[in-house]
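Engineer: From the sequence below, what's the structure:
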Amino acid sequence: MATLDQKSPNVLLQSLCCRITGKSEAEVAHQFQYAVRVIGNNYAPTFERDEFLVSEKIKKELVKQRREADAALFSELHRKLQTQGVLKHRWAVLYLLLSLSEDPRKPSSRVGNYGGLFAQALPRDAHSTPFYCTRPQSLSLGHGERSAALVGSVGTSGISSLGVYTLNGPTPQSLLGGQVPPSAAGAAPTLGSRLAWALPISSSPSALAPPTARLPLGPPVPTARVIRPRQDADLTGERCEVHEAALVRDILYVFQGIDGKFIKMNVQENCYKIDSKVVLCKSLRDTSSRLAELGWLHNKVRKYTDARSLDRAFGLVGQSFCAALHQELKEYYRLLSVLHSQLQVEDEHGVTMCTESSLTLRRLLVWMYDPKVRLKTLAALVDFCQGRKGGELASAVHAYGKTGDPQMRALVQHILCLVSHPILNFLYRWIYDGELEDTYHEFFVASDPNVKTDRLWHDKYSLRKSMIPSFITMDQARKVLLIGKSINFLHQVCHDRTPPGKVTPASKPADTPKDAAELLSDLEGAFQEKIDAAYFDTSKYLLDVLNRNYLLLEHLQAMRRYLLLGQGDFIRHLMDLLKPELARPATTLYQHNLTGILETAIRATNAQYDNAEILKRLDVRLLEVSPGDTGWDVFSLDYHVDGPIATVFTRECMGHYLRVFNFLWRAKRMEYTLTDIWKGQMCNAKLLKTMPELSGVLHQCHILASEMVHFIHQMQYYITFEVLECSRDELWNKVQQAQDLDHIIAAHEVFLDTIISRCLLDNNSRSLLNQLRAIFDQIIEFQNAQDSLYRSALEELALRLQYEEKKRQREEEGEWGVTAEQEAEEKRRVQEFQGTIPKMRSQLQILTHFYQSIVQQFLVLLTTSPDESLRFLSFRLDFNEHYRAREPRLRASIGATRGRRLSYI
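Structural biologist: I've put the predicted structure just below:
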């Protein structure tokens, strides 16, 4: 050994064995071999590898031993050790120190025979069950250790994660193959005894005694071997007494849902019951009944998983839920395998290893407390999730995790991570690739394959509100829907071939449940950032494509200029050109003639400078013809939309534009008509001065025309500025601030609804619209009456001028101007014309009366309107209270309205 390196691991390990046992190198050969096997295996301690938790536990142990000064010194030394890079595995060193410092709970349990200790084989379950130690009989009941183990178990999965303390208590001394010599009972614990507490103890039969080929090292120690009789009983006969060991064996079977000899499932009562022939004391019977509840809980969970695991319609989320339940049951079975192994050891050797090592019902009751709580949680979760699938199932699991119990919350959180993993995969494929492969309808985004491309944005994709997980807000769900919908809209409608990865860079997907757990733990942080980033990038790119390639904003402006009569010079010139055609009956109009006139008006006005893409969409449309209609009643402008812009300008929207255009066109025609009336009055005023008998009638015409002009001007001001321009300005601001296409569509729909409502075209304003149309009809009647008056007056004026000219010519020729017969004929004709003047006057009076009564009715409706702008319009229409003096109801309405305004002030 002198030739070996004194610092080699083998030399150091052999020195450690000698130091622990206090023997020479030759005497510790067996112990050295065992130590090599221990170091060479992959057995891992059940304590979580957290340096902070180990250091905290060491400080707690020091404080518990009233060594506060040592605890402070240890804390300072640990802090200095952390600042230096001398040790790479500080956790392992601290854990070793903690293990060496642990003392036995009772003096009689200390290890005295180190030969028996080192002669044991490695634990049989060191590789198969890393979460369990092989000592279920050594439960530590200390409250401090339970709390420390609880802290270390949070965040893990499986029954074993309920606490390391469950299987990590003091080592049963009977498993070491010998008792402590009496001389050593009162000795202080040595370094070897401390290390013995930290080493795993095997439950294999071969480890219970030294090999027969070798004599045990150290002095022989007598063992307390007591023969353990078989305690099974036959229930076919009379009542029999059953020992506790038999009940333990039955209970272990019941834990797995298997009927035992004495404890069987009662189908009628749906519970496990002890056979009535078995004689048991009340305490054992109660304890057995409490333990049998685990079997009932196990059966409930197992029945659900067996039924649902093969159901393909349950979907990926449901299968993930079943997989999570299977994982929990697997951990539960691991615990039962350890218990069965211990029971097998006791039965094969037929010994009781003192009261501290054998399996008893009370020990099982304590050890199975946490698994029972865990199974209760799973069973309740199974009941709560019955009939649910997809996102609804994830919501149920998430809702069940809202509890103050940290163990239950950790369990539900772990199941939620597994359940939500398929949903997050659906979500990432949707927001980054626009793909929706939801075979079992589990995702909260639904697709309708029957919808055509032109309705893709509005109807193809929708939200299944019942499938939205409760941990995803409605705003997040709406953004997720918009992201994938935008990607599909770009590909299928806009024919944009840009890869989705260039639109928005894909972040790390939730490939594993661990990734899903990280996202679920930060729903308002990382998850929200991913959704927002994809939403803003995709929506911005879509709006850029619509504005750059499809001129969305230019089309919005074109609607205002042409269909809402915003291009004044074009509309005026078009009316001038269309006047002869539209004055004809509607049945005599031809669309190609009107289309040619439209193109002429475009070329003659500033409209010619518009984009050709916009001008080619402008067209003429003739409405359905009714009997008696003229061209003015059926003419309309049309604007063709297709492709992506048809998503904003839908068929319903274009129908609204058509209604508004017809209303504005009729109002513009009234303005055009009154302009012609005014022109006629101005042109004929001087000509008819020579006919004084017409002065009263013409004055009446001027007054009525002035009333009508005032009314139409106020209506045009209201429509143009208070309705169209204000609404358009709001629309433009919203469009500029829009973050996605839905915002533009919503703003456009609000714009049209506002125009429809304030232009009196909605159902609530039907009576106002009828009165307004009646006023328009009276203007047309007045135009016809005035034209008839001027026609008659001008004919009479022409005859009088002809008579005077003929008289003057005859006088110049030296003859009498007229004969008596001609003069009498002239007077008779003049008298006949003067006789028609009262008829004209009465016709104008009737027309004036009808017009004023209709205006008064219109004003009464305006003053009672809930729209404040319409009430202000009534004040402007009757600014001098001309109509108020004639209508009592109008006085009452205006007074009440003003009273309400004063009360508001």
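Engineer: which residue ranges form the strands in this structure?
Structural biologist: Using DSSP state E, the strands of the chain run over 240-241, 263-266, 271-274, 278-279, 445-447, 461-463, 618-622, 635-639.
Engineer: Any chance of a markdown table for these, columns mean neighbour count?
Structural biologist: Where C-beta positions appear, they are placed from N, C-alpha and C, glycine not excepted. Shown next, in a markdown table, are these (neighbours: other CB atoms under 10 Å):
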| stretch | mean neighbour count |
| --- | --- |
| strand 240-241 | 12 |
| strand 263-266 | 16 |
| strand 271-274 | 18 |
| strand 278-279 | 16 |
| strand 445-447 | 18 |
| strand 461-463 | 17 |
| strand 618-622 | 17 |
| strand 635-639 | 19 |
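Engineer: List just the one of these that sits closest to A292.
Structural biologist: strand 271-274 (3.7 Å; CB to CB).
Engineer: Return the list of strands paired to the closest one, each annotated with direction.
Structural biologist: Strand 271-274 pairs in its sheet with strand 263-266 (antiparallel), by DSSP bridges.
Engineer: What lies in contact with the strand it pairs with?
Structural biologist: Around strand 263-266, the neighbours that count as contacts under CB atoms under 8 Å, 6 or more residues apart in numbering are 247, 250-251, 254, 259, 271-275, 288, 292, 295, 299.
Engineer: pretty sure L877 contacts L859?
Structural biologist: Yes: if you go by CB atoms under 8 Å, L877 and L859 touch, sitting 6.2 Å apart.
Engineer: Name the residues contacting each of these two.
Structural biologist: Y883.
Engineer: quick one: which of the two has more around it?
Structural biologist: Between L877 and L859, L859 has the larger neighbour count (other CB atoms under 10 Å), namely 23 against 20.
Engineer: excluding its backbone neighbours, what's nearest the more buried one?
Structural biologist: In space, and not counting its chain neighbours, L859 is closest to S874: 5.1 Å by CB to CB, 6 or more residues apart in numbering.
Engineer: burial of the one you found, as a residue count?
Structural biologist: Residues within reach of S874, counting by other CB under 10 Å, total 24.
Engineer: So for it, what's the pLDDT?
Structural biologist: In this model, S874 is scored at 90, pLDDT.
Engineer: Kindly report the same for L687.
Structural biologist: pLDDT, L687: 86.
Engineer: which ones are touching the closest residue to it other than its chain neighbours?
Structural biologist: Nearest in space to L687, with sequence neighbours left out and distances taken as CB to CB, 6+ apart, is L797 at 6.4 Å. For L797, the contacting residues are 687-688, 690-691, by CB under 8 Å, 6+ apart.
Engineer: Quick check, pLDDT for the closest residue in space to I468 that isn't next to it in sequence.
Structural biologist: The spatially closest residue to I468, leaving aside those adjacent along the chain, is F444, at 4.4 Å (CB to CB, 6+ apart). pLDDT for F444: 94.
Engineer: And F444, how far from S337?
Structural biologist: With distances taken as CB to CB, to the nearest Å, F444 is found 41 Å from S337.
Engineer: who's more crowded, these two?
Structural biologist: Legend: neighbour count by other CB under 10 Å for F444 and S337, higher for F444 (26 against 14).
Engineer: Quick check on R464: phi, psi?
Structural biologist: In terms of degrees, to the nearest 10, the main-chain angles of R464 are phi -90, psi 100.
Engineer: hang on, I58 packs against F74?
Structural biologist: Yes: under the criterion of CB under 8 Å, I58 makes contact with F74 at 6.3 Å.
Engineer: The closest residue in space to D867 that isn't next to it in sequence: neighbouring residues, count only.
Structural biologist: Counting by CB to CB, 6+ apart, D867 lies nearest to R758, which is 6.9 Å off, once chain neighbours are set aside. Neighbour count of R758, defined by other CB under 10 Å: 21.
Engineer: L436 now?
Structural biologist: L436, neighbours per other CB under 10 Å, totals 15.
Engineer: Surely it touches E442?
Structural biologist: No: shown here, L436 and E442 do not form a contact pair, counting by CB under 8 Å, at 11.2 Å.
Engineer: Report the set of residues contacting both of the two.
Structural biologist: Joint contacts of L436 and E442 (CB under 8 Å, 6+ apart) are F426.
Engineer: on that earlier part again, would you format the strands of the chain as a markdown table with distance to L424 included?
Structural biologist: What follows is those, written out as a markdown table (distance: least, CB to CB, whole Å):
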| stretch | distance to L424 |
| --- | --- |
| strand 240-241 | 58 |
| strand 263-266 | 40 |
| strand 271-274 | 40 |
| strand 278-279 | 53 |
| strand 445-447 | 13 |
| strand 461-463 | 17 |
| strand 618-622 | 50 |
| strand 635-639 | 45 |
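Engineer: Out of those, which gets nearest to E730?
Structural biologist: Here strand 635-639 is closest among those (CB to CB), at 21.4 Å.
Engineer: And the residue lying closest to D433 once chain neighbours are set aside, how far from G484?
Structural biologist: Counting by CB to CB, 6+ apart, D433 lies nearest to P500, which is 5.4 Å off, once chain neighbours are set aside. Between P500 and G484 the computed distance is 10 Å (CB to CB).
Engineer: sorry, back to before: the residue nearest to D433 and V279, how far apart?
Structural biologist: Distance of P500 to V279, computed by CB to CB: 74 Å.
Engineer: Run through who's touching stretch 810-823.
Structural biologist: Applying CB under 8 Å, 6+ apart, the contact partners of stretch 810-823 are 803, 806-808, 826.
Engineer: quick check: longest helix of this structure.
Structural biologist: Looking across the chain with DSSP state H, the single longest helix is helix 766-812.
Engineer: distance of T473 from A26?
Structural biologist: Counting by CB to CB, the gap from T473 to A26 is 73 Å.
Engineer: So for the two, which residue has more residues nearby?
Structural biologist: Each of T473 and A26 has its neighbours counted (other CB under 10 Å); T473 has more, 15 against 7.
Engineer: Nearest spatial neighbour of L789, chain-adjacent residues omitted?
Structural biologist: Nearest residue to L789, sequence neighbours excluded (CB to CB, 6+ apart): M840, at 5.4 Å.
Engineer: any low-confidence regions in the stretch 451-600 of the chain?
Structural biologist: By pLDDT under 70, the low-scoring segments of the stretch 451-600 of the chain are 506-519, 521-524.
Engineer: mind listing the helices for it?
Structural biologist: Secondary structure of the stretch 451-600 of the chain (DSSP state H, counting those that start in this stretch): helices located at 474-492, 500-503, 513-520, 528-549, 552-558, 568-582, 591-604.
Engineer: buried set for the last one?
Structural biologist: Buried residues in helix 591-604, counted by 16 or more other CB atoms under 10 Å: 594, 597-598, 601-602.
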